Each structure stands twice: as structure tokens, then as C-alpha cells.
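Asks: Quick one, fold the following:
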Amino acid sequence: MDTTRPLFGPRLAPASGRAPKALIVLLHGVGADGQDLIGLAPHWARHLPEAEFLAPDGPEPCDMAPYGRQWFSLQDRTPSVMEAGLQATLPILNGFLDQALAERGLTDSDLALVGFSQGTMTSLYTALRRPRPCAAVIGYSGALLGAPTLARDIVSRPPVLLIHGTDDPVVPFAALAAASQALQAAGVDIDTLARPGLGHGIDPEGLVAGLAMLHRHLPQAGAA
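Replies: A predicted model of the protein is given here:
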């Protein structure tokens, strides 16, 4: 992986038309790209008019499909191999976040990470290891990687909300309880929401829960 490669992707400027007071970064799942998750932004933007939304493309072409991007390879799903992929991605994403915050005169307390599937794995792994805690992490249909060494590796403890469908055929629903248990043991403020009958996706109730989390932890993003 080229760790010097900058990340690019779609953005949605603050609905207020002013300079952003908060930054919400959306991390897509494997085989998708930033265009996939930027679609969440309009659902939240009118309620968070002072927030800017960024949805960067993953740093690698997807190696399991002729289209899309990935944050790390899933060809070998051995936990140690996947974590090694995340470790390679970490400096790339951190560099993107640091630059985006600096350009806007913001800090980690003005930042929320929102992930879907592999993007949730990447959001959690990154946020827990950044030097300063971000305002919040919201993860849909994902999992926690690096749990066995989390107590040793954790640096920051941002509040986390994880949302998962009970009928998810891609990332097992059991990943929700496993993540919650490990995060609680590491001293992280963790909330979970199970969505009965939902597969691998995001439903309206999940969007409402995510918005409530953003309102709670990014009050500066609300109407002035």
C-alpha cells in the first residue's frame, strides 16, 4: 500500500453556507466508494447545518471486484491479517483527518467518524488509536478488530454507537455484542442498537439514532 497516497472523495458543505464548525467523515464498506456513503449526508445536514461532510474513497482498489475501493484486503479474513491491513491504512487515514481538521481550523473534538461495514472496522480502529479523542464514532453493520490487544493499544476513548441488523448475512450480528463487551472492558462509553430483521444495511431507525448521537456529541453542528 502506498502510504503517501492522499485520499479524495465527495463532500457536502455546511447547509448554513458558513465555515464548518464540525466535520463528519463517512467511511464506506469494501467494494464501494465515497459516493456510497455521502448519500447519508443530506439526511443529517438539515439538522446539523454547521457540519461539513466528507466521504473519502478507500486507499486501495478493491481486490475482490473489478470496481470500488477498500480500506484493507478481505481476501484473507484471519484476524491478524486484517489487523495488519488496518495498521497500514492507519497513517493514511490519520493524515487525511489531520489535514482536513487543520484546513478548517477544527480539532478532534469537532470530528465524528461514521462507518459502514469495513468502514466501521476502520473508524473504530483509527479513533481508538488517535492521540486525541474525536467527538463520536458511529458504526453500522461492522465489527471491532484488534480486540485482544485493545487494552494495550488504546489511546483515546471517544463515545461509540454501534448499530447492527439481526439478519445481517455479511458481518454476523454476534459481532455487535463482541464489540460492545471489548469496548466496555477498555473503558469506552458504548451504546448499541439492534435492528430486528435488518440485513447488511442502514435503515431509517438507524439514521435517526445516528443523528441523535451526532446532536449529543457535536452540539456546535446544530443551528446557531
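
Asks: What sits closest to Gln35 if chain neighbours are left out?
Replies: Closest residue to Gln35 apart from its sequence neighbours, by Cβ to Cβ, 6 or more residues apart in numbering: Pro10 at 5.8 Å. For the C-beta atoms, the positions are set from N, CA and C on the backbone; glycine is no exception.

Asks: how about that neighbour, phi and psi?
Replies: phi -70, psi 160 (degrees, to the nearest 10).

Asks: separation between it and Asp98?
Replies: Going from Pro10 to Asp98 by Cβ to Cβ, to the nearest Å gives 20 Å.

Asks: can you check Met213 too?
Replies: Distance of Met213 to Asp98, computed by Cβ to Cβ: 23 Å.

Asks: which regions of the chain lie under the pLDDT threshold?
Replies: When residues are selected by pLDDT under 70, those of the chain lie in 1-5, 223-224.

Asks: hmm, try it at 50
Replies: Applying pLDDT under 50 to the chain flags residues 1, 3-4.

Asks: So which residues of it form strands?
Replies: Taking DSSP state E as the criterion, the chain carries its strands at 11-12, 22-27, 51-54, 60-61, 69-70, 111-116, 136-140, 160-165, 190-195.

Asks: With mean neighbour count and distance to Leu93 as added columns, please give those in TSV.
Replies: Below are those laid out as TSV (neighbours: other Cβ atoms under 10 Å; distance: least, Cβ to Cβ, whole Å):
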stretch	mean neighbour count	distance to Leu93
strand 11-12	18	16
strand 22-27	27	8
strand 51-54	25	11
strand 60-61	16	12
strand 69-70	25	13
strand 111-116	27	9
strand 136-140	28	13
strand 160-165	25	17
strand 190-195	17	21
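
Asks: Pro10 and Asp98: which has the busier surroundings?
Replies: Taking Pro10 and Asp98 together and counting by other Cβ atoms under 10 Å, Pro10 has the greater number of neighbours (18 against 13).

Asks: Tabulate the strands of the chain (CSV), appending distance to Pro79.
Replies: Output for those, formatted as CSV (distance: least, Cβ to Cβ, whole Å):
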stretch, distance to Pro79
strand 11-12, 33
strand 22-27, 20
strand 51-54, 29
strand 60-61, 19
strand 69-70, 17
strand 111-116, 18
strand 136-140, 17
strand 160-165, 18
strand 190-195, 20
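
Asks: Same question for whichever helix in the chain runs longest: list its buried residues.
Replies: What stands out as the longest helix in the chain, according to DSSP state H, is helix 79-104. Of the residues in helix 79-104, 82-83, 85-86, 88-90, 92-93, 96-97, 100-101, 104 count as buried by neighbour count, 16 or more other Cβ atoms under 10 Å.

Asks: tell me which strands and helices that helix is in contact with?
Replies: On a contact count with 3 or more Cβ pairs under 8 Å, 6 or more residues apart in numbering; DSSP states H and E, helix 79-104 meets strand 22-27, helix 118-127.
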